[in-house]
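# any chance you could fold what I've pasted below:
(one chain, ligands or ions: 3)
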Amino acid sequence: MKRPYIETVGCQMNMLDSEMVVASLRKEGYQLVAEPLQADVVLFNTCSVRQHAEDKIYSALGKLRRHKQKYPEKVIGVLGCMAQNHQKLVFERAPYVDLVVGPGQLQRVPELIAKVQSGAGPQEALSLGRKDGSAEEIKRSHESFDPLRDPEMRPTPSQAYLRIQIGCDKFCTYCIVPSVRGPEQGRPPAQIVAEARTLADQGCREITLVGQTVNSYRYREGDRVTRLADLLAMLHEIEGLRRLKFVTNYPKDMTDDLLEAMRELPKVSRYLHVPAQSGSNRMLERMKRGYTVEDYREMMARIRSALPGAAVSSDFIVGFCGETEEDFQQSVELVRECRFKNSFIFKYSERPGTKGASLYADDVPDEVKRRRNNELLAIQTEIGDEENQRFLGQIVEVLVEGPSKQAAKHAAADSPTLQLTGRTRDDRIVVFDGSRRQVGQFLDIAIYDCTPYTLIGEVVTQHAGSELLALQSG
Ligand code: SAH
Ligand code: SF4
Ligand code: F3S
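Residues are numbered from 1 along each chain as shown. Ligands and ions are numbered 1, 2, ... in the order given. As a prediction, this is how the structure comes out:
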């Protein structure tokens, strides 16, 4: 009874949590399987950020109902943000679920599975709500779950996520994250550096630091405060590491010292994901984002002057409560002006329990949301295409991640060449033909074509690095 299956939706935080849960199960002798029906333990790591993410999980659970009737000894678990958000409601909507575990309690998953298997009945492990105790109690009930790393479980051997912060204290009015992920807490820098060292020793070349507002990171020990810029400088020293990225940034915390650190530290990616959410001050105020569109523009100007050529990407919500055509056009203007590398665009989805849901009516009709979504996406796509065109004829350095999506589906396992995918230092996706042994390497790729989302190129065989080596040795 040691075959788990796990399905993950949501953000990087959830990807990392799933990796950690699987690592903790492997330590107990579990062996992951790829199909839910083959598994003894089926886990869903869930997201509550939009209604659609929740619907998806309830529908997946529905598909397991019969299976569970036939094999009652199988364990079904709902983990993560929707578990914390819906709590008992999960058992009501899917009474055959055995396990409901919030994101702040994931360390208990192996123990709770064992309890269910020993016949103790359904189990639940949740953190305190944001008003259900003293500040200290609430913090303690949300634990950062970062057990020892299992190199086998990372999506690719040369890349890893590393959590530097849990929770969020920004309380944007539309957002459920602060209530399900709890108070913002930075992890101690010594722990982060030690984990990065372990990762580098395991062969990891690129680390992405994750937090909901990663650039708000602060850790105080006595008089000493460590911030993201300091952390980057510390991690930069680690031998073997070649790239450092961090997501997601909060516009108001984009300080000059961080931009300076990015400029000074060559391992740090020149890439910033820093969501604007809207181009209208009226909407930003209703969203309680804490900045104006003028502030955002000023931040963009600082980024552009400190880091020429850096890639910036954003998120937008369309159809937030009371959004008029004029408000929307201001988002269009901002997208045109900022020339983001890419933007994720979402239709507003009302989240029960948020300030937004109680203060404002979700009054923009769905077809209007859809049209605005498509319109903004079309403009962003056009810009993405134009920006990518600028790379035609250039040579870029790429960290090879693995077979491209297409190759993963179609290429025969033993074919000598296949389409590979990798990313540049500024997070642009590049595809090219290569061989499996190049995965994890840094290669120079000459770009000859592009789409709005992808650069297409070929490996430069005689690259500068080897020429230099040849000169030195000859
Ligand atoms: N902490 C990150 C990301 C949070 S969730 C940040 O602050 O940027 C990722 C994105 O989902 C957000 O940036 C926002 O654009 C979107 N989002 C959050 N709540 C939403 C909601 N209720 N409806 C639609 N989109 C939402
Ligand atoms: Fe949600 Fe805002 Fe926190 Fe991001 S910063 S997680 S959008 S509350
Ligand atoms: Fe979703 Fe939770 Fe991430 S709500 S976006 S999985 S923090």
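
# for the spatially closest residue to P157 that is not a sequence neighbour, which residues are in contact?
Spatial nearest neighbour of P157, chain neighbours left out: G203 (5.4 Å); criterion: C-beta to C-beta, 6 or more residues apart in numbering. Using the backbone N, CA and C atoms, a C-beta is placed for each residue, glycine as well. Residues counted as contacts of G203 (C-beta atoms under 8 Å, 6 or more residues apart in numbering) are 151, 157-158, 240, 440.

# looking at those, which one is closest to V101?
Lowest distance from V101 to these (C-beta to C-beta) belongs to P151, with 24.8 Å.

# what about the closest residue to that closest one other than its chain neighbours, how many neighbours?
Spatial nearest neighbour of P151, chain neighbours left out: Q202 (4.4 Å); criterion: C-beta to C-beta, 6+ apart. A count of neighbours around Q202, defined by other C-beta atoms under 10 Å, yields 16.

# so for Q202, what's the pLDDT?
What the model reports for Q202 is a pLDDT of 92.

# which ones are touching it?
149, 151, 157.

# can you give me the helices in the stretch 301-450 of the chain?
325-338, 355-359, 366-389, 405-410 (DSSP state H, counting those that start in this stretch).

# enumerate every residue touching the closest residue to ligand 2 within the stretch 1-150 of the chain.
Closest residue of the stretch 1-150 of the chain to ligand 2, C-beta to the nearest ligand atom: V49 (7.9 Å). Residues near V49 by C-beta under 8 Å, 6+ apart: 10-11, 81, 175-177, 349, 351.

# of those, which is the most crowded?
Most neighbours among those, by other C-beta under 10 Å: C81, with 27 neighbours.

# distance of that one relative to P110?
For C81, the distance to P110 equals 20 Å [C-beta to C-beta, to the nearest Å].

# next one: R289
39 Å.

# the two - which one has more neighbours?
R289 (24 against 18).

# that older thread, out of the contacts of G203, which end up buried?
Among these, those buried by neighbour count (16 or more other C-beta atoms under 10 Å) are 158, 440.

# so where is this protein shaky, pLDDT-wise?
Along the chain, the model assigns pLDDT under 70 to residues 1, 411, 462-474.

# enumerate the residues of it near ligand 2.
168, 170-172, 175, 177-178, 212-213, 250 (C-beta under 6 Å from any ligand atom).

# of those residues, just the buried ones, PyMOL syntax please.
Applying 16+ other C-beta under 10 Å to the residues of the chain next to ligand 2 leaves a buried subset, and the PyMOL line that selects it is:
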select buried, resi 168+170+172+175+177+178+212+213+250
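
# could the residues of the chain next to ligand 2 be laid out in CSV, adding secondary structure?
Putting the residues of the chain next to ligand 2 into CSV (DSSP: H, G, I helix; E, B strand; the rest coil) gives the following:
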residue, secondary structure
C168, coil
K170, coil
F171, coil
C172, coil
C175, coil
V177, helix
P178, helix
Q212, coil
T213, coil
Y250, coil
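
# and ligand 3, which of the residues of the chain next to ligand 2 reach it?
Within those, those near ligand 3 by C-beta under 6 Å from any ligand atom are V177.

# what parts of the stretch 51-200 of the chain come near ligand 3?
81, 176-177, 180-181.
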